[in-house]
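**Student:** pasting the sequence and the predicted coordinates here, then a few questions.
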Amino acid sequence: MVTRDELISFIESTIGADLLAKASAVDENANGVQIHGSKKVTKVALGVSTSLDFFQEAVASGAEMTITHHGLHLSLKYMYNARLDKSQQAVLKYVFAHNLTVASYHYSLDAHKEIGNNAVIIRELAAKRLNLPYFDAWGWVAEFDKSVDVKDLEFVLVEPSQ
């Protein structure tokens, strides 16, 4: 078992203070812990986006913490006159009722040079990452040594374990 705070510290040191600071400056979405729940973590649920279904599956699997790319919709972009819609209220009620820790890393997982979404895709496709950021440094540009037909690329689909 690890504590919530030890895990958060590990994640944030892996991402790096500079990248997290930049994320705070350029991204209105979550790049860190949104809700501190249980201090004990024996299981973490990973996902792309948060939703009530995601949190229900996380709890059913025994997770005390979730880590996603797209976090809870708490920015002004998702609110109207500082009001949460009913679906987001249901999500928050469920999260608090089950004492979940919710962490999301939006920009951080796009921009990280080694463990970011783009960096991992480039590496898995055996492409060469250029030192050329994409979309104001939200991703990376890569190229293949020779032309590759898309049907010749090998994609690996990882199914969640039951």
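**Tutor:** Yep, that arrived. Residues are numbered from 1 along each chain as shown.
**Student:** quick one: the strands in this structure?
**Tutor:** 2-3, 31-35, 40-41, 44-49, 65-70, 101-105, 128-134, 139-143 (DSSP state E).
**Student:** tell me which of those strands is the most buried.
**Tutor:** strand 101-105 (a mean of 24; mean count of other Cβ atoms under 10 Å). The way it works is simple: take the backbone N, C-alpha and C, and place the C-beta from them, glycine included.
**Student:** in its sheet, what does that strand sit against?
**Tutor:** strand 31-35 (antiparallel), strand 65-70 (parallel) (DSSP bridges).
**Student:** tell me which residue is most central in this protein.
**Tutor:** In the chain, the residue lying closest to the centroid (Cα atoms, centre = their mean) is His69, at 2.1 Å.
**Student:** contact partners for Thr101?
**Tutor:** Contacts for Thr101 (Cβ atoms under 8 Å, 6 or more residues apart in numbering) come out as 4, 8, 33, 35-38, 41, 64-66.
**Student:** what does Val95 give?
**Tutor:** Applying Cβ under 8 Å, 6+ apart, the residues near Val95 are 35, 37, 55, 72, 102.
**Student:** domain ranges for this protein, per the record?
**Tutor:** The chain resolves into domains spanning 2-109, 113-152 when parsed by automatic domain parsing.
**Student:** and the ones you listed as CSV, adding mean pLDDT?
**Tutor:** Below are the domains of the chain laid out as CSV (pLDDT from 0 to 100):
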stretch, mean pLDDT
domain 2-109, 94
domain 113-152, 86
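**Student:** what about Gly116, neighbour count?
**Tutor:** Neighbour count of Gly116, defined by other Cβ atoms under 10 Å: 21.
**Student:** nearest to Ser49, of the contacts of Val95?
**Tutor:** The closest of the contacts of Val95 to Ser49 turns out to be Leu72 (Cβ to Cβ; 9.8 Å).
**Student:** quick revisit: for Lys151, find the nearest of the strands of the chain.
**Tutor:** Of all the strands of the chain, strand 139-143 comes closest under Cβ to Cβ, at 18.6 Å.
**Student:** helices or strands up against the closest one?
**Tutor:** helix 117-124, strand 128-134 (3 or more Cβ pairs under 8 Å, 6 or more residues apart in numbering; DSSP states H and E).
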